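Q: Output the structure for:
(one chain, ligands or ions: 3)
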Amino acid sequence: MATSEFPAQKDGSKAVLQETTVVVFVLGGPGSGKGTQCPKIVEHFGFRHLCAGDLLQAEIESESENGTMIQNFKKEGKIVPSEITVKLLQQAMQQSDNKRFIIDGFSRNEENRAAFENIVRIKPEFVLFFDCPEEELTKRILNRNQGRVDDNIETIGKRLKVYFESTLPVINYYNSKGKVQKIDAQRSIEEVFEDVKSVFAKLRPVARVGSTK
Ligand SMILES: Nc1ncnc2c1ncn2[C@@H]1O[C@H](COP(=O)(O)OP(=O)(O)OP(=O)(O)O)[C@@H](O)[C@H]1O
Ligand SMILES: Nc1ccn([C@@H]2O[C@H](COP(=O)(O)O)[C@@H](O)[C@H]2O)c(=O)n1
Ligand SMILES: [Mg+2]
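A: Ligands and ions are numbered 1, 2, ... in the order given. Below is the predicted model of the structure:
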């Protein structure tokens, strides 16, 4: 079986990533419902949910060497250098028993996309795209009330600009490869999940069983 290898581990061994690893990128504007729908996909289809934004937030909270820089990027709604984010995703993938991943909030720009494909050497099975109008995104974020430093009207404007200028081109790139599953995300949470279910139900059966770790 063809495999690709992750870089060497601390103990000198290499984590081998098998052909059977399945990656789905989950994209959509800020507030489109990625973080709401992903746990439902985990529950119904047994994927491991990795959220790029949460992994970066954990770096801020652990006061790692990059924590302050990441916090400043987040406050400005900017995309953190890809090397950092891809390394965090790679570590989380290596540490997981589950080899089927939904990666929420990734690839956010062309640099993210290229870094993941070059370093992890896996192409996504497909991109789940939550399509939602700007006014609805803004309304949802302002009502979210989770204490996020970037959930304020000033940063929302910056995040939306980054989304339209940098993330939509990535979605268009994957669309040109026939890899985008577009969901109308303006409807209720339940209605959106009905469509999400239809998309995942079409995956080969191995994607529907196993550990969620
Ligand atoms: N279909 C929906 N209808 C109404 N509200 C929703 C819907 N989906 C999610 N929400 C609400 O909108 C807010 C944003 O949702 P969520 O956190 O899932 O978005 P997100 O795409 O992960 O955003 P971000 O990119 O900022 O992390 C939350 O308060 C959530 O409860
Ligand atoms: N690939 C990514 C994902 C996120 N970020 C940074 O985190 C912020 C919050 O992300 P959410 O997915 O939770 O909205 C985002 O605005 C970026 O600052 C990133 O740099 N790269
Ligand atoms: Mg989210």
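Q: Can you give me the distance of whichever residue of the chain sits closest to ligand 3 to Gly178?
A: Minimum separation of the chain from ligand 3 (Cβ to the ion) falls at Gly35, amounting to 3.2 Å. C-betas here are computed from N, CA, C, even on glycine. Distance, Gly35 to Gly178, using Cβ to Cβ, to the nearest Å: 26 Å.
Q: can you check Lys40 too?
A: From Lys40 to Gly178 the distance is 25 Å (Cβ to Cβ).
Q: Check Gly46 too.
A: Counting by Cβ to Cβ - Gly46 and Gly178 are separated by 25 Å.
Q: more neighbours, these two?
A: When neighbours are counted by other Cβ atoms under 10 Å, Gly46 and Gly178 differ, and Gly46 comes out ahead with 17 against 7.
Q: From what I see, that one and Phe101 are in contact.
A: No - shown here, Gly46 and Phe101 do not form a contact pair, counting by Cβ atoms under 8 Å, at 11.1 Å.
Q: Run a quick neighbour tally on Phe200.
A: Using other Cβ under 10 Å, Phe200 has 20 other residues around it.
Q: Wait, it touches Val42, no?
A: No - with contact defined as Cβ under 8 Å, Phe200 and Val42 do not form a contacting pair (10.7 Å).
Q: Ramachandran angles for Gly28?
A: The phi/psi pair for Gly28 (degrees, to the nearest 10) reads phi 150, psi 160.
Q: check whether stretch 161-169 contacts ligand 1.
A: No - against ligand 1, stretch 161-169 shows no contacts by Cβ under 6 Å from any ligand atom, the least distance being 8.6 Å.
Q: Check the separation of the first and last residues in stretch 53-73.
A: Its start and end residues considered, stretch 53-73 measures 11 Å (Cα to Cα, to the nearest Å).
Q: In that stretch, which residues are buried?
A: 53, 55-57, 59-60, 66-67, 70-71, 73 (16 or more other Cβ atoms under 10 Å).
Q: Surely Glu59 touches Phe73?
A: No - look at Glu59 against Phe73 with Cβ under 8 Å: they stay out of range, at 10.9 Å.
Q: which phi and psi does the spatially most central residue of the chain have?
A: Geometric centre of the chain, nearest residue: Asp104, 2.1 Å, by Cα atoms, centre = their mean. Taking degrees, to the nearest 10, you get phi -90, psi 130 for the backbone angles of Asp104.
Q: Contact partners for it?
A: By Cβ atoms under 8 Å, 6 or more residues apart in numbering, the contact list for Asp104 reads 26, 34-35, 38, 49-54.
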